[in-house]
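[1] Sequence and predicted model, in that order:
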Amino acid sequence: MPLTNNVIIKLNEITTMVEDKTKLTESDIDEIKSLFQNLVENNERYDIDEIEFWFENEGSWTSRESRIRIVNLSSYVQDKYQQTAHLRIISDDDCGCGN
């Protein structure tokens, strides 16, 4: 699945936002998680391999460790969202138990 324009825009935002591409700070990590969270909440889907390929070919990400960390974050956020999206909370009023 090719990356959508919205996903590519977010990847470019990550590239612009991260000053030291050889080592991600905790602030960088939090912001990257937030960007991916925003994507999945807006029903954008992405292929993890395509994201890895994009960062490898972008040019300014020379540190493999940083690229892999971002790919892992993207995978984590997408998997976490998919797991929680299937859960539903039933209120006490909707139990159908007559109470």
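    Looks like it arrived, so ask away.

[2] Report the secondary structure state of residue 45.
    Three-state call for residue 45 (DSSP: H, G, I helix; E, B strand; the rest coil): coil.

[3] Near the closest residue to it other than its chain neighbours, how many other residues are there?
    Among residues not flanking residue 45 along the chain, residue 1 sits closest, at 7.1 Å (Cβ to Cβ, 6 or more residues apart in numbering). Where C-beta positions appear, they are placed from N, C-alpha and C, glycine not excepted. Per other Cβ atoms under 10 Å, the neighbour tally for residue 1 reads 8.

[4] My understanding was that residue 1 contacts residue 51; is that so?
    No: under the criterion of Cβ atoms under 8 Å, residue 1 makes no contact with residue 51, lying 10.9 Å away.

[5] what's near enough to touch residue 12?
    Residue 12 sits next to no residue when contact means Cβ atoms under 8 Å, 6 or more residues apart in numbering.

[6] just to revisit the earlier point, give me the pLDDT for the residue nearest to residue 45.
    Per-residue pLDDT puts residue 1 at 78.
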